[in-house]
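Novice: Here's my sequence, what's the structure:
(2 chains)
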Amino acid sequence: DTGVSQDPRHKITKRGQNVTFRCDPISEHNRLYWYRQTLGQGPEFLTYFQNEAQLEKSRLLSDRFSAERPKGSFSTLEIQRTEQGDSAMYLCASSLDIESRTLHFGNGTRLTVT
Amino acid sequence: SQQGEEDPQALSIQEGENATMNCSYKTSINNLQWYRQNSGRGLVHLILIRSNEREKHSGRLRVTLDTSKKSSSLLITASRAADTASYFCATALTGANNLFFGTGTRLTVIP
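Specialist: Numbers count the residues shown, from 1 in each chain, chains lettered A, B, ... in the order given. Below is the predicted model:
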């Protein structure tokens, strides 16, 4: 399977704990995006990488959130001191075409903070 | 805040009928895309229409774009039960790196 893969698929954590999610994009895609989606809503943009450089961050990305993409390959999204409001589906997407910005999504990591 | 708004929020039709979903957006766009999402899964790209295009077809899908009204519609003809999913429009704004997604239309096709 050469699509975007995310790990884990589900994560249940207690409030205050740190969590880290991983995304492996399509190998030739140099652009990588993180989105967050809550129930009944569309995905909301969090951050964007071109190769290893994080070029854009949404105001939604509080200082408890950090994302990295070492060597321009896989990416990690860490949430520190989780809050119940962080419960959501975290979606990763990659793209090759900067003009169209057509995104290829993974199946997401569903986070539940208890 | 979300760039696009879909209408209706939910749509239920019989298999074989056509389904039409509408999307309105707020600012000038480079292109508009439609995505599909099955429950608990990621989004899948369906079709893209550029700002200088008015209509586009792909299989059973037909997309229209009216930039003067800042709106688009997605028509799925001869619907199937397997078309049951949420459908989102997404806009690519000039000068922006990412896509902005709407709130989605939940389509249910009854066999």
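Novice: Would you check that A:Glu44 makes contact with A:Ser58?
Specialist: Yes. Using Cβ atoms under 8 Å, A:Glu44 and A:Ser58 qualify as a contacting pair, with a distance of 7.2 Å. Heads up, the C-betas are built off the backbone N, CA and C, glycines and all.
Novice: Common neighbours of those two, please.
Specialist: Common contact partners of A:Glu44 and A:Ser58 (Cβ atoms under 8 Å, 6 or more residues apart in numbering or on different chains): none.
Novice: Is any residue of the helix or strand where B:Tyr87 lies near chain A?
Specialist: B:Tyr87 is located in strand B:85-93, with elements delineated by DSSP states H and E. Yes. Contact between strand B:85-93 and chain A is present through B:Phe88, B:Ala90, B:Ala92 (criterion: Cβ under 8 Å from any Cβ of the partner chain).
Novice: That strand pairs with which strands?
Specialist: When pairing is defined by DSSP bridges, strand B:85-93 lines up against strand B:29-37 (antiparallel), strand B:99-101 (antiparallel), strand B:105-110 (antiparallel).
Novice: Please dump those strands into JSON lines; it should also carry mean neighbour count for every row.
Specialist: Below are these laid out as JSON lines (neighbours: other Cβ atoms under 10 Å in any protein chain shown):
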{"stretch": "strand B:29-37", "mean neighbour count": "23"}
{"stretch": "strand B:99-101", "mean neighbour count": "26"}
{"stretch": "strand B:105-110", "mean neighbour count": "18"}
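Novice: Adding mean pLDDT, write these out as TSV.
Specialist: Putting the strands paired with strand B:85-93 into TSV (pLDDT from 0 to 100) gives the following:
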stretch	mean pLDDT
strand B:29-37	95
strand B:99-101	92
strand B:105-110	97
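Novice: Determine which of the ones you listed approaches B:Ile49 most closely.
Specialist: Smallest distance to B:Ile49 across these (Cβ to Cβ): 5.5 Å, for strand B:29-37.
Novice: Next secondary structure element downstream of that closest one?
Specialist: As assigned by DSSP H and E, the chain's next helix or strand after strand B:29-37 is strand B:43-50.
Novice: Would you mind measuring from the residue most central in space within chain A to B:Val109?
Specialist: Taking Cα atoms, centre = their mean, the centroid of chain A lies closest to A:Trp34, which sits 3.3 Å from it. Here A:Trp34 is placed at a distance of 31 Å from B:Val109 (Cβ to Cβ, to the nearest Å).
Novice: which other residues reach the helix or strand of chain A with the lowest mean pLDDT?
Specialist: Of all regular secondary-structure elements in chain A, judged by mean pLDDT, DSSP states H and E, the least confident is strand A:53-57 with a mean of 92. Strand A:53-57 is contacted by residues A:Leu46, A:Thr47, A:Tyr48, A:Phe49, A:Ala67, A:Glu68, A:Arg69, B:Asn97, B:Asn98 when judged by Cβ under 8 Å, 6+ apart.
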